[in-house]
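>>> Below are the sequence and a predicted model for it; my questions follow.
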Amino acid sequence: MSQRQELTEEFFDLQEKKERLKNEMSLVQLKMDRIEQQLIDCMQNEDLESFKDSNHGTVYMRNSCRAQLLDHEVAFKWLRENGYGDIIKETVNSNTLSAIVKDLPEEIAGIARFDSIKICRRKS
């Protein structure tokens, strides 16, 4: 077999392997998402914000908030009227918007808010 044929064979073998691994990663992520939500529910039912685990260190819940403009005109108007007009540029930085939205009412015209809780750990 020529070098070109060997390289072609190896390339497509690797491409197939990559696709299999990608599919496996998707399945692993789905399972992790499901188990993470179960763990969050369990911790909330037990009124725990964190706990120490001998195998995994401190396990805790971290709240995060992200925001996205749904209607720029409406959102910009609300931001200006409520003293946040200085964050408006040609675009609104999503990290800056997320930082202010987490301390505001949940429903703001023209802005979508996405709250999430993630499981994290610190090694002891």
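Arrived safely. Residues are numbered from 1 along each chain as shown.
>>> Point me to the helix or strand that includes the nearest residue to residue 69 once chain neighbours are set aside.
Closest residue to residue 69 apart from its sequence neighbours, by C-beta to C-beta, 6 or more residues apart in numbering: residue 75 at 4.8 Å. From N, CA and C alone the C-beta is placed, and that goes for glycine too. Element membership for residue 75, per DSSP states H and E: helix 72-81.
>>> cool, and residue 114?
Assessed by DSSP H and E, residue 114 sits inside strand 111-122.
>>> elements contacting that strand?
helix 3-45, strand 57-69, helix 94-101 (3 or more C-beta pairs under 8 Å, 6 or more residues apart in numbering; DSSP states H and E).
>>> where in the protein is pLDDT low?
119, 121, 123-124 (pLDDT under 70).
>>> Domain map for the protein?
As given by automatic domain parsing, the domain ranges for the chain are 1-48, 49-124.
>>> any idea which of the ones you listed is most buried?
domain 49-124 (a mean of 13; mean count of other C-beta atoms under 10 Å).
>>> just how off-centre is that domain within its chain?
Put simply, domain 49-124 sits 11 Å off its chain's centre (C-alpha atoms, centre = their mean, to the nearest Å).
>>> my read is residue 83 is in a helix, agree?
No: checked against DSSP: H, G, I helix; E, B strand; the rest coil, residue 83 lies outside a helix; its state is coil.
>>> what's the helix holding residue 75 in contact with?
When contacts are defined by C-beta atoms under 8 Å, 6 or more residues apart in numbering, helix 72-81 is touched by residues 69, 85, 87-88, 92, 108-111.
>>> Looking at these, which one is closest to residue 56?
Ranked by distance to residue 56 (C-beta to C-beta), the contacts of helix 72-81 are led by residue 111 at 36.2 Å.
>>> so that closest one touches residue 67, yeah?
Yes: using C-beta atoms under 8 Å, residue 111 is in contact with residue 67, at 5.4 Å.
>>> hey, what's in contact with both of the two?
Contact with both residue 111 and residue 67 is made by residues 97, 101, according to C-beta under 8 Å, 6+ apart.
>>> Excluding chain neighbours, what is closest to residue 96?
Of all residues not flanking residue 96 in the chain, residue 87 sits nearest, at 5.2 Å (C-beta to C-beta, 6+ apart).
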